[in-house]
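Enquirer: Give the three-dimensional model of this entry:
(chains A and B)
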Amino acid sequence: MKEVIRVSDVVTRFGDNLVHDRVSLGVREGEIYGLMGGSGSGKSTLLKEMILLLRPESGSIRVLGKDLARLRFEEAAWLRRQWGVLFQSGALYSSLTVAQNVGMKLREYTRLPEKVIDEIVRMKIRMVGLPDHAAGLYPAELSGGMVKRASLARALAMDPRLLFLDEPTSGLDPIGAEAFDQLILKLRDMLGLTVVMVTHDLDSIWTIVDRFAVLGDRRVIAEGTLEEVIRQPHPIVRQFFWGARGRLRSAHGQ
Amino acid sequence: MPTSQIEGAVTETKEPPARLRLEREGRQWLLHASGRWTADRLDTVVETLKKAPGRLRDAPVTWDFSGITQMDSAGMMLYLHYRDELARRGCRQAVTGRSKEQEQLEALLLRHLPETTPRPASLGSRLLRPLENLGRSTLHGARDLRLFLEFLGENFAVLAHALAHPFSIRFDAIAKNIEDAGVRALPIITLTSFLIGVVIAYQGAVQLQKFGANVFIVDMIGISVTRELAPLITAIVVAGRTGSSYTAQLGVMKITEEIDAMRVMGFEPQRFLVLPRIIALMIALPLMIFYADIIGIFGGMVVANLHLNLSWSEFVHRLQNVVEVKHFWIGIVKGPFFAWLIAVVGCFRGLQVSRDTESIGYYTTISVVNAIFLVIACDALFSVVFTELGI
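Expert: Sure, this is the predicted structure:
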């Protein structure tokens, strides 16, 4: 299957702190790919490098065939229209309503009539399972789960090919997290998205992620499907999946 | 990674934009759609479609989708929107050449499309909006006033408690705030008060020279700077500098829930954050006014020396003789009052910040505007009172 993202030998350093030491992984078209690892293992940093927020010290990242280190201005602009990003805390613009947040990219990048934009926005808002009246609310008036959904609607506004999610289920209750996972799965199937998500939610890994990488010791210590990863003898993998929380889930899960 | 994919990606950016060609066969209209119907390449089609409904009234219309290479939901919604528009104008429509994906996309969108669009506000309610806004802002003002009185009440209660238990006063916080609000403000105070002295001296010098009354420049500068200008200018600078920072500091703490964290640990924000700031500013501002007096008079002296040939010693000698010390004390006494107003307003507005980032900017602006207004109003009140008392 075609690879849409290829990370090879990425090294990242913050001051003296080496975060990634030759990290390599690949995301295939149409899959839900998880980036997993403990706090401080550099998952979010890697995600930020994929979406042009940070630059690795060395190594290369290719997204949709383009080398991020050598982008021309128009290519970067083109790439930014091919993806949607859901930030951990939502990052909705607090001075705008949900509808304005969702419609922002459409208003800025297209010359569609206002009415059509309105309809697209309301359709996206419904698609992520928000009630119609949420369109007129400001981010401060939303609950945590609604913020995530609104932010997802914003990420999906331009029908991106790639969707990046930074800990989409953190801060949600288990029922909300489960529903959000199912929503992502449904949207992937409906819209043919490729999804990259940073997560340390084992439930998400069990239920919706097709393949994933485990980051630890500054590198990728395992990559593949759940069956493939779980067979790895690396102590960090074992801690994750055979620690008390992981065992409980596997006893009930499969 | 094979290089062919990189080339593929580059051609993708150059792929032909969406097009729509209108073609007429007898009464029948054919709309040929082609290219990439995706959000970022729809511009020309939008222009074509905007003109279309007028021309196509009551005609049978066939949409031909066979030339479309790719379609996303923006493209589909554009089509759906104009399909409905044409239907309203009595066009019978048919679609040919649609791919399976496009049909699925349409089904998907229709499933999530709200049936009714919200109606724009009626003319009547739009005319009433100014009245509504007036009512709203009146209520808002009344609520602000009530909250402010509550804040003041709490503030005095905390102050009374602090006076009864002097050891509970946060002296280290006060010292730090004096440094931030006072010591660090000295450069800007130096600059502004020096310039004020210079400006006053210049303006006065021209007039006084006409009468040959050069030496009266000393009375003028001595009294106006110590009594009015130094306190007022210093207070305004401090309101802009320290009042805004108080609001922003407390506002950010409110957003990051630090204030809530303090409350649950039993650290009253009034005692730990507000009171030290108020006391610090009430100590710092009179000292800063004293400093501004010196610099302002010095500024006047420089101009008097250069412009009116009044020597330094002459100036100082006359200053001691004609400027009564009460003028100086009046200026200093205003300090704590101004400081109290600035600090109280700054802290109050800071604690009003709600959970979104925009409200920090909003309340910081309000805080500075309020503080400057109150300082000037208070100064006017002092002027009236002192004049009536004959001081």
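
Enquirer: I'd assumed B:Glu85 was in contact with B:Gln93.
Expert: No - taking C-beta atoms under 8 Å as the definition, B:Gln93 is not a contact partner of B:Glu85, at 10.7 Å. Heads up, the C-betas are built off the backbone N, CA and C, glycines and all.

Enquirer: where's the residue nearest to B:Leu78 when sequence neighbours are not counted, which helix or strand?
Expert: In space, B:Leu78 comes closest to A:Val116 once its chain neighbours are excluded; the distance is 5.4 Å by C-beta to C-beta, 6 or more residues apart in numbering or on different chains. With the criterion set as DSSP states H and E, the secondary-structure element containing A:Val116 is helix A:114-127.

Enquirer: Dihedrals phi and psi, A:Gly15?
Expert: A:Gly15 adopts backbone torsions of phi 60, psi -120, taken as degrees, to the nearest 10.

Enquirer: count of neighbours near it?
Expert: A:Gly15 has 5 neighbours, counted by other C-beta atoms under 10 Å in any protein chain shown.

Enquirer: Spit out the contact partners of the residue in the stretch 251-391 of chain B that chain A sits nearest to.
Expert: Using C-beta to the nearest C-beta, the point where the stretch 251-391 of chain B gets nearest to chain A is B:Asp356, with a distance of 3.6 Å. Applying C-beta atoms under 8 Å, 6 or more residues apart in numbering or on different chains to B:Asp356 gives the contacts A:Ser94, A:Ser95, A:Tyr138, A:Pro139, A:Ala140, B:Ile255.

Enquirer: One more pass at 6 Å, please.
Expert: A:Ser94, A:Ala140 (C-beta atoms under 6 Å, 6 or more residues apart in numbering or on different chains).

Enquirer: One more: the one 3 residues further on?
Expert: Each residue near B:Ser359 by C-beta under 6 Å, 6+ apart is listed here: B:Val353.

Enquirer: Backbone torsions only: list them for it.
Expert: According to degrees, to the nearest 10, B:Ser359 has phi -70, psi -20.

Enquirer: Would you quantify the distance from it to B:Pro187?
Expert: The spacing between B:Ser359 and B:Pro187, counted by C-beta to C-beta, to the nearest Å, is 31 Å.

Enquirer: Check the secondary structure at the residue of the stretch 251-391 of chain B closest to chain A for me.
Expert: The three-state assignment at B:Asp356 reads coil, by DSSP: H, G, I helix; E, B strand; the rest coil.

Enquirer: Can you give me the pLDDT of it?
Expert: pLDDT recorded at B:Asp356 is 76.

Enquirer: ok, it to B:Asn370 distance?
Expert: Applying C-beta to C-beta, the value for B:Asp356 to B:Asn370 is 21 Å.

Enquirer: Check A:Ala135 too.
Expert: In this structure, A:Ala135 lies at 35 Å from B:Asn370, with C-beta to C-beta as the measure.

Enquirer: same thing with B:Leu232?
Expert: Noted for B:Leu232: a distance of 16 Å to B:Asn370, by C-beta to C-beta.

Enquirer: Tell me which of those two has more neighbours.
Expert: Here B:Leu232 and B:Asn370 are set side by side on neighbour count (other C-beta under 10 Å), and the busier one is B:Asn370, at 23 against 20.

Enquirer: my guess is the more buried one contacts B:Cys347, does it?
Expert: No - in this structure, B:Asn370 sits apart from B:Cys347 without contact. The criterion is C-beta atoms under 6 Å, and the distance is 11.9 Å.

Enquirer: all strands for the chain, in order.
Expert: Defaulting to chain A. Here chain A has its strands, by DSSP state E, at A:3-14, A:17-28, A:32-37, A:58-63, A:66-67, A:83-86, A:162-166, A:194-198, A:211-216, A:219-224.

Enquirer: Switch to chain B, please.
Expert: Taking DSSP E as the criterion, chain B contains strands spanning B:19-25, B:28-37, B:61-71, B:93-96.

Enquirer: Can I get these in TSV including mean pLDDT?
Expert: Listed next are these as TSV, based on pLDDT from 0 to 100:
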stretch	mean pLDDT
strand B:19-25	84
strand B:28-37	86
strand B:61-71	86
strand B:93-96	86
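
Enquirer: Mean neighbour count and distance to chain A added to those, as a markdown table?
Expert: Supplementary listing: the strands of chain B in a markdown table, determined by neighbours: other C-beta atoms under 10 Å in any protein chain shown; distance: least, C-beta to the nearest C-beta, whole Å:
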| stretch | mean neighbour count | distance to chain A |
| --- | --- | --- |
| strand B:19-25 | 14 | 14 |
| strand B:28-37 | 19 | 11 |
| strand B:61-71 | 18 | 9 |
| strand B:93-96 | 14 | 18 |
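
Enquirer: Break down the stretch 51-200 of chain B into its helices, ranges please.
Expert: B:73-88, B:100-112, B:123-164, B:171-181, B:186-211 (DSSP state H, counting those that start in this stretch).

Enquirer: mean pLDDT lowest for which of these?
Expert: Here the lowest mean pLDDT among the helices of the stretch 51-200 of chain B goes to helix B:100-112, at a mean of 82.

Enquirer: which parts of that helix are buried?
Expert: Of the residues in helix B:100-112, those buried by neighbour count under the rule 16 or more other C-beta atoms under 10 Å in any protein chain shown are B:Gln102, B:Leu105, B:Glu106, B:Leu108, B:Leu109, B:His112.

Enquirer: For stretch B:266-282, measure first residue to last.
Expert: With C-alpha to C-alpha, to the nearest Å as the measure, the ends of stretch B:266-282 fall 26 Å from one another.

Enquirer: show me which of the buried residues of helix B:100-112 neighbour chain A.
Expert: The subset of the buried residues of helix B:100-112 lying close to chain A, counting by C-beta under 6 Å from any C-beta of the partner chain, consists of B:Leu108, B:Leu109, B:His112.

Enquirer: Tell me the residues on chain A that lie near chain B, please.
Expert: Counting by C-beta under 6 Å from any C-beta, the residues of chain A close to chain B are A:6, A:62, A:64-66, A:78, A:81, A:94-95, A:109-112, A:116, A:119-120, A:122-123, A:126-127, A:132, A:140, A:158-159, A:190.

Enquirer: Got the phi and psi for the residue of the stretch 251-391 of chain B closest to chain A?
Expert: For B:Asp356, the backbone dihedrals (degrees, to the nearest 10) come out as phi -110, psi 160.

Enquirer: Please report how far it lies from A:Ala140.
Expert: Distance check for B:Asp356 against A:Ala140: by C-beta to C-beta, it reads 4 Å.

Enquirer: now swap in A:Val23 and tell me
Expert: Computed with C-beta to C-beta, the distance linking A:Val23 and A:Ala140 is 37 Å.

Enquirer: same deal with B:Phe65?
Expert: Note on B:Phe65: its distance to A:Ala140, by C-beta to C-beta, is 43 Å.

Enquirer: cool, and A:Val98?
Expert: A:Val98 sits 11 Å away from A:Ala140 when distances are taken as C-beta to C-beta.

Enquirer: ok, now B:Leu163?
Expert: Taking C-beta to C-beta as the criterion, B:Leu163 is separated from A:Ala140 by 39 Å.

Enquirer: Just give the closest residue to A:Arg122, not the sequence neighbours.
Expert: According to C-beta to C-beta, 6+ apart, the nearest residue to A:Arg122 is B:Pro114 (5.2 Å).

Enquirer: what's in contact with the longest helix that chain A contains?
Expert: Among the segments of chain A that qualify as a helix by DSSP state H, the longest is helix A:174-191. If you take C-beta under 6 Å, 6+ apart as the criterion, helix A:174-191 is touched by A:Ile32, A:Gly145, A:Pro168, A:Thr169, A:Val195, A:Ser204, A:Thr207, A:Ile208, B:Leu108.

Enquirer: Let's see the pLDDT reported for A:Leu248.
Expert: Per-residue confidence (pLDDT) for A:Leu248: 57.
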